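*Asks:* when you get a sec, could you give me coordinates for this:
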Amino acid sequence: MKSVFIQLLIGLLLFFSAEGSGKYSVDRINPSLLENASMVIRQDSTIWEIRGRERARMTRYVAITIMESEALAGADIFIYHDSFRRVRNIKGSLYDARGSKIRDLKNDEFEDTHIAGGVSVYADARSIETDLYMNRYPFTVVYEYTIDESVLYPNRTWIPVSRTKTSLEKASLTYIVPEEFSFRYKSGNHPALETEITPSGRRNLQYRWEFTNMEAFAHEPYMPPGSYIFPYVQTGANEFMYGGYTGSMESWNDFGKWINDLNQDRQKLSDDVIADIMSLTENTPDTLEKIRKIYQYMQSRTRYVSIQLGIGGFQPDYAINVERNAYGDCKALSNFTQALLAVAGIKSHYTLIYSGSRYREVDPDFPYNSFNHVIICVPLQNDTIWLETTSSILPMGYIGEGNSDRWVLLVTESGGKLARTPPVVPQQNLAQQSIVINAGKDFSIRGEIHQKLTGLAMDRLMGISKISETRQRDYYNRLITLNQFQLESLNFHEEKLPPGYISKSAEFNLGGYFRRAGDRYIFQPVVLNESIALPSLRGERKYDFYLIPYITHSDTITWKLPEGYQISQLPENFSVDSPYGFYSIDYHYKPESGDLLINRKYYGKRGKFLPHQWEDFVSFLRTVQQNDRMQLMLIPES
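*Replies:* All right, here's what the predicted structure looks like:
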């Protein structure tokens, strides 16, 4: 009897032990996957079934373990859907650190909302999202759902890990497609990844990719864009159907033809607008001036809104509707602008582009729609003008940092053609600043600043002349870190004539800047400039680093020093030209008048650098910082 009891007790212990070490117990994670990881993807399975020319189904199962509070956002899910995509059978569950289920998610924890928010007039683009809160870590969340699609989308990207400090146990992507289906694929950032192709059923093929045991990428300053480091698989169909329009992605030219078909017969304008454009340009022989006038005409009569209704994600609204409503999305505004230019006999191209900092480089040999925006390209005999049609404040020809130096697809009458927007050149993007500082006998300071910004240096202040003086002052004061800084006057001017610039002038008072040491005074002569910060990195650098500088800073600082004092020792002039940037500073001092003139110049250089160069780069920044923070001493005249 005793032995039976012992056996029963052992059995119960084993049972509860197994219950306390479930499938998603944290104890089951390989220790190597916990290094640098704040979350671990335990399993992520995505299966696509292509069921016909306009039918597809996606089934997904994903389990994620959140190790600490900083990764809590990674527990939430985002599912896009619209009139072509229906989400079905969505459910979720939470598990504790031992892998025991805590509870199932409730239906009202999956919030279904419009994506475009307040800028959208027409939109059926929606998302199903969660916003989980947990106060005990680690925990695991599991989601399951199905999406039925009534379109055959030309391409998709699968990125199982898309953020730093995230490791992965297992993830797989599967496509089940008819044998006759023209299926394309490409993988990157993982040279060992193989494509498994096997028969599936009577007339289908299965394509499968799998990742296992991927350690987390530790976050480092100046990391490459995610598209350069995270493994991915791109898939697509040569022939596709979207919104009733048949298209081909076999070549860039073919894809451009499909976009061109969507745009057909959408550029009719009213007689009044045609008359406006003719009157605006008839006495203007210069083509550039015509473009500028038409661009400003468009800017003054329209505003940007998002339109994401059905095929509206690809197809522009009619130009006549933009004219009547005075609004449109990037597609509609670009189509409208193209119609205006055509009235004046100016040829232009509707142009697809990826706008923003998360740009993924286009592969010219693998046609793929990674674009999210539309602008206008105007080819001239000796130049090319690019127009950003969604802004009412940009000068003609300026398209901003988020559109610069990247592949675009020009939609021409004969099809699509790849081109590239102009690169960012620091010497063309200037922040020129002149500061004059008068230091009185009591060492109080009165000063004035004059600044001119061109190119990308304008971005932060674009549109500032249109806001109130109070808001201008609040904005400027937030930029100043000096104690006892008092702004007396502030003026901005925005010049929209090409190439455009923003000028700023200000007067200020500054107290307590000189630090007294007996009968001497110490101060930092380089003041109110763009300060250089040193990046923080613990341990040895693991990854390459990217430098993408944009702006050349040129500062002239004139000090009129207090009477009866002179500089004890002037620093030597200094300059350094390194692979990472250029810096120079020189001093000109006139003891008889007490004038000190400082010329400073700094710009970074673009490039990709290896991990072993990191310390050299930081050393360059430290040298710049030390020279900017150089202290001078004033002593009484003898």
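*Asks:* identify the residues contacting stretch 253-264?
*Replies:* Residues external to stretch 253-264 that are found in contact with it (C-beta atoms under 8 Å, 6 or more residues apart in numbering): 154, 245, 247-249, 311, 314-316, 335, 350, 352, 367, 369, 409-417. Quick note: C-beta positions are derived from backbone N, CA and C, even for glycine.
*Asks:* and these, which are buried?
*Replies:* When burial is judged by neighbour count using 16 or more other C-beta atoms under 10 Å, the buried members of the contacts of stretch 253-264 are 154, 247-249, 314-316, 335, 350, 352, 367, 369, 409-412, 415-417.
*Asks:* now, those that are in strands?
*Replies:* Where those overlap with strands, as defined by DSSP state E, the overlap consists of 247-248, 350, 352, 409-412, 415-417.
*Asks:* which parts of the stretch 401-550 of the chain are helices?
*Replies:* Listed from the start of the chain, the stretch 401-550 of the chain has helices (DSSP state H, counting those that start in this stretch) covering 469-479.
*Asks:* which stretches of it have low pLDDT?
*Replies:* Judged by pLDDT under 70, the stretch 401-550 of the chain has no weakly predicted residues.
*Asks:* going along the chain, name the strands of it.
*Replies:* With DSSP state E, counting those that start in this stretch, the ranges of strands along the stretch 401-550 of the chain come out as 407-412, 415-420, 430-439, 445-453, 485-495, 501-510, 515-517, 520-523, 545-547.
*Asks:* to P636, which of these lies closest?
*Replies:* Closest approach to P636 among the strands of the stretch 401-550 of the chain (C-beta to C-beta): strand 520-523, 7.8 Å.
*Asks:* how about that closest one: buried residues?
*Replies:* Of the residues in strand 520-523, those buried by neighbour count under the rule 16+ other C-beta under 10 Å are 521, 523.
*Asks:* what do you get for stretch 47-54?
*Replies:* Of all the residues in stretch 47-54, those buried under the rule 16+ other C-beta under 10 Å are 47-50, 54.
*Asks:* tell me which of those residues is nearest to F508?
*Replies:* Using C-beta to C-beta, W48 comes nearest to F508 of the buried residues of stretch 47-54, at 61.6 Å.
*Asks:* which non-adjacent residue is nearest V343?
*Replies:* What sits nearest to V343 in space, not counting adjacent residues and going by C-beta to C-beta, 6 or more residues apart in numbering, is I277, at 4.3 Å.
*Asks:* the one you found: what's it in contact with?
*Replies:* Each residue near I277 by C-beta under 8 Å, 6+ apart is listed here: 294, 297, 340, 343-344.
*Asks:* which of those ranks first by neighbour count?
*Replies:* Looking at the contacts of I277 with neighbours defined as other C-beta atoms under 10 Å, the largest count falls to L340 at 29 neighbours.
*Asks:* how much space separates that one from S348?
*Replies:* The gap separating L340 from S348 is 9 Å, by C-beta to C-beta, to the nearest Å.
*Asks:* now swap in S306 and tell me
*Replies:* Applying C-beta to C-beta, one obtains 23 Å for the distance of S306 from S348.
*Asks:* now the stretch 201-350 of the chain, which segments are flagged as low pLDDT?
*Replies:* 307-312.
*Asks:* quick one: the strands in it?
*Replies:* Counting by DSSP E, counting those that start in this stretch, the stretch 201-350 of the chain has these strands, from start to end: 204-214, 232-237, 239-242, 245-248, 303-304, 306-308, 327-328, 349-353.
*Asks:* send the alpha carbons of the first one over as CSV?
*Replies:* Okay, so that is strand 204-214. What follows is the C-alpha trace of strand 204-214 in CSV, where atoms were taken according to Å, rounded to 0.1, in the frame of the first residue of the first chain:
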residue,chain,number,x,y,z
ASN,A,204,0.4,22.7,-56.7
LEU,A,205,4.0,23.5,-55.6
GLN,A,206,5.1,24.4,-52.1
TYR,A,207,7.8,26.9,-51.5
ARG,A,208,9.2,27.1,-48.0
TRP,A,209,11.8,29.1,-46.0
GLU,A,210,12.8,28.6,-42.4
PHE,A,211,14.9,30.5,-39.9
THR,A,212,16.0,28.9,-36.6
ASN,A,213,18.0,30.0,-33.6
MET,A,214,18.7,33.6,-34.7
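*Asks:* pretty sure F443 sits against R520.
*Replies:* No - using C-beta atoms under 8 Å, F443 makes no contact with R520, being 11.7 Å away.
*Asks:* that older thread, and the least confident of the buried residues of stretch 47-54?
*Replies:* For the buried residues of stretch 47-54, the model is least confident at E54; its pLDDT is 80.
*Asks:* quick one, what contacts that one?
*Replies:* By C-beta under 8 Å, 6+ apart, the contact list for E54 reads 150-152, 241.
*Asks:* which parts of the stretch 1-150 of the chain are strands?
*Replies:* Counting by DSSP E, counting those that start in this stretch, the stretch 1-150 of the chain has strands at residues 39-52, 55-66, 78-81, 85-95, 101-104, 111-114, 120-123, 126-129, 139-149.
*Asks:* what's the closest of those to S162?
*Replies:* Go through the strands of the stretch 1-150 of the chain one by one with C-beta to C-beta and the one that ends up closest to S162 is strand 39-52, at 10.2 Å.
*Asks:* bridging residues for R156?
*Replies:* Listed by DSSP bridges, the beta-bridge partners for R156 are T235.
*Asks:* one step back: adding neighbour count and distance to I197, write the contacts of E54 out as CSV.
*Replies:* As requested, the contacts of E54 are arranged in CSV below (neighbours: other C-beta atoms under 10 Å; distance: C-beta to C-beta, whole Å):
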residue, neighbour count, distance to I197
S150, 15, 27
V151, 20, 25
L152, 22, 20
M241, 18, 24
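*Asks:* report pLDDT for G400.
*Replies:* Looking at G400, its pLDDT is 86.
*Asks:* any buried residues in stretch 451-470, and which?
*Replies:* 451-459, 461-462, 464-465.
*Asks:* dump these into TSV; add distance to T558 as well.
*Replies:* As requested, those are arranged in TSV below (distance: C-beta to C-beta, whole Å):
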residue	distance to T558
Q451	14
K452	17
L453	20
T454	22
G455	26
L456	27
A457	22
M458	25
D459	28
L461	24
M462	29
I464	26
S465	27
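*Asks:* closest one of the residues you listed to R98?
*Replies:* D459 (50.6 Å).
*Asks:* report the separation between the closest one and P498.
*Replies:* Counting by C-beta to C-beta, the separation of D459 from P498 is 17 Å.
*Asks:* again with V436
*Replies:* The separation that V436 has from P498, given C-beta to C-beta, amounts to 30 Å.
*Asks:* please identify the most buried of the strands of the stretch 401-550 of the chain.
*Replies:* Among the strands of the stretch 401-550 of the chain, judged by mean count of other C-beta atoms under 10 Å, the one packed with the most neighbours on average is strand 407-412 (a mean of 22).
*Asks:* any idea how far that strand is from the chain center?
*Replies:* With C-alpha atoms, centre = their mean, to the nearest Å as the basis, strand 407-412 stands 21 Å off its chain's centre.
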